[in-house]
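K.L.:
kindly generate the corresponding structure for this input.
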Amino acid sequence: MAIVVNLDVMMAKRKISLNELSERVDLTLSNLSILKTGKAKAIRFSTLESICKALDCQPADILEYVSDVSPKI
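P.N.:
Predicted structure coming up:
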């Protein structure tokens with residue numbers, strides 16, 4: 001998938017655990033874990049907003065587009 005989830009990186013930078021983030025954004029541990037591991041297929045803007053607010057970051061700090069097409073030489 002071309003979208004990479006860097007939630008674990010931002011959590012480490014902010015020194016916040018999965019349990020603490022789960023409480024702050026009112027999301028279950030299992031749903032947050034699915035997002036953190038990159039297994040989620042979608043995220044609601046309201047959830048993304050809550051996570052950004054809790055981690056004091058921008059959506060681009062959490063979600064990154066990586067082209068999966070290798071350059072031709």
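
K.L.:
now the helices: where do they sit in the chain?
P.N.:
With DSSP state H, the ranges of helices along the chain come out as 7-14, 18-25, 29-36, 45-55, 59-62.

K.L.:
can you add mean pLDDT, distance to residue 68 and mean neighbour count and give the ones you listed back as CSV?
P.N.:
C-beta: built from backbone N, CA, C; applies to glycine. Putting those into CSV (pLDDT from 0 to 100; distance: least, C-beta to C-beta, whole Å; neighbours: other C-beta atoms under 10 Å) gives the following:
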stretch, mean pLDDT, distance to residue 68, mean neighbour count
helix 7-14, 96, 20, 16
helix 18-25, 96, 28, 15
helix 29-36, 94, 20, 16
helix 45-55, 96, 22, 15
helix 59-62, 96, 19, 15
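
K.L.:
residue 42 and residue 31, how far apart?
P.N.:
11 Å (C-beta to C-beta, to the nearest Å).

K.L.:
scratch that, residue 24 is what I was asking about
P.N.:
Distance, residue 24 to residue 31, using C-beta to C-beta: 14 Å.

K.L.:
repeat for residue 57
P.N.:
When distance is defined by C-beta to C-beta, residue 57 is 19 Å away from residue 31.

K.L.:
try residue 6
P.N.:
Going from residue 6 to residue 31 by C-beta to C-beta gives 17 Å.

K.L.:
and residue 4, by the same measure?
P.N.:
Per C-beta to C-beta, residue 4 is found 19 Å from residue 31.

K.L.:
go on, residue 65?
P.N.:
Taken as C-beta to C-beta, the span from residue 65 to residue 31 is 23 Å.

K.L.:
same question for residue 53.
P.N.:
17 Å.

K.L.:
swap in residue 66?
P.N.:
Plainly put, residue 66 is 23 Å away from residue 31 if you go by C-beta to C-beta.

K.L.:
and stretch 33-41, how far from the chain's centre?
P.N.:
Put simply, stretch 33-41 sits 8 Å off its chain's centre (C-alpha atoms, centre = their mean, to the nearest Å).
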